[in-house]
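Asks: With the input below, show me the fold.
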Amino acid sequence: MATVKVYDQNKQESGDITLSSDVFEVEVRPEILNLVVRAQMAAKRAGTHKAKTRAFVSGGGVKPWKQKGTGRARAGSNRSPVWRGGAIVFGPQPRDYSFKVNSKVRALAMKMALSSRLAGETLMVVKGIELPEAKTRHFAKVAGALGLTKALIVAPELDETLCRSARNIPGLTLTTPSQLSVLEILRHKQLVLLEGAVAPVEARFARKGA
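Replies: Take a look at the predicted model:
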């Protein structure tokens, strides 16, 4: 079990919290993280690229010239791939780039990502963030007090005030335990868990993964 300090939004110590070793103290294996990150990035690809084959290029219905007697090479269509304005051979076609990763491997990668942030001392637990109104300047003041530059903030649930206050600050991303992903954790240098989000994160991954 790892015990970390809990800070308030002004970065004043307000207690301690014990983190589950099953979730936050897992041996990090780069190959597992690489596999899951590649899967998540591949799933984001639209895959809508397409080049026209002979079936889709307009024209070419008439043989350009007769087969024999002209002294020129044989030609059956002016939309042949060797002609200017013709079709593309083996060009890209719409496809799905996603591939399956077992749920236990995904959960294991998540625990490794969380563990890497704890081991690297870039994980912070904050008691809570309360703002008087949904203004960017209020959240920016809290982020400055906590020393956040490029951070992923995990809240128990999405609060409209927090969302509207944080969405215009570059480098800061607000999410919830149910939407947490390995890619987002590794993309941000800092991980901030609001105290109410610790239990849901542990409950989601405590009994999953190898």
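Asks: Okay, residue 137 and residue 194: tell me how far apart.
Replies: 20 Å (CB to CB, to the nearest Å). In short, each C-beta sits where N, CA and C put it, glycine included.
Asks: which ones are touching residue 39?
Replies: 98-101 (CB atoms under 8 Å, 6 or more residues apart in numbering).
Asks: helix or strand for it, which one?
Replies: helix 30-44 (DSSP states H and E).
Asks: More neighbours: which of residue 137 and residue 194?
Replies: residue 194 (23 against 10; other CB atoms under 10 Å).
Asks: List phi and psi for the residue lying closest to that one once chain neighbours are set aside.
Replies: Once flanking residues are discounted, residue 194 sits nearest to residue 155: 5.0 Å by CB to CB, 6 or more residues apart in numbering. Here is the backbone geometry of residue 155 (degrees, to the nearest 10): phi -110, psi 150.
Asks: How far off centre is the helix holding residue 39?
Replies: 9 Å (CA atoms, centre = their mean, to the nearest Å).
Asks: Now that helix: buried residues?
Replies: Neighbour-count burial for helix 30-44 flags 32-33, 35-37, 39-40 (criterion: 16 or more other CB atoms under 10 Å).
Asks: same thing with stretch 7-20?
Replies: Result for stretch 7-20 [16+ other CB under 10 Å]: buried residues 7-9, 14, 19-20.
Asks: and those, which two are the farthest apart?
Replies: 9 and 20 (24.5 Å; CB to CB).
Asks: So what's the residue count around the closest residue to residue 32 other than its chain neighbours?
Replies: Excluding the flanking residues, the one nearest residue 32 by CB to CB, 6+ apart is residue 109, at 5.1 Å. Residues lying near residue 109 (other CB under 10 Å) number 29.
Asks: quick one: residue 109 is in a helix?
Replies: Yes: under DSSP: H, G, I helix; E, B strand; the rest coil, residue 109 falls within a helix.
Asks: What pLDDT does the model give it?
Replies: As predicted, residue 109 sits at a pLDDT of 96.
Asks: isn't it right up against residue 182?
Replies: Yes: counting by CB atoms under 8 Å, residue 109 does reach residue 182; the two are 4.9 Å apart.
Asks: Identify the contacts common to the two.
Replies: With CB under 8 Å, 6+ apart as the test, residue 109 and residue 182 both reach 33, 36-37.
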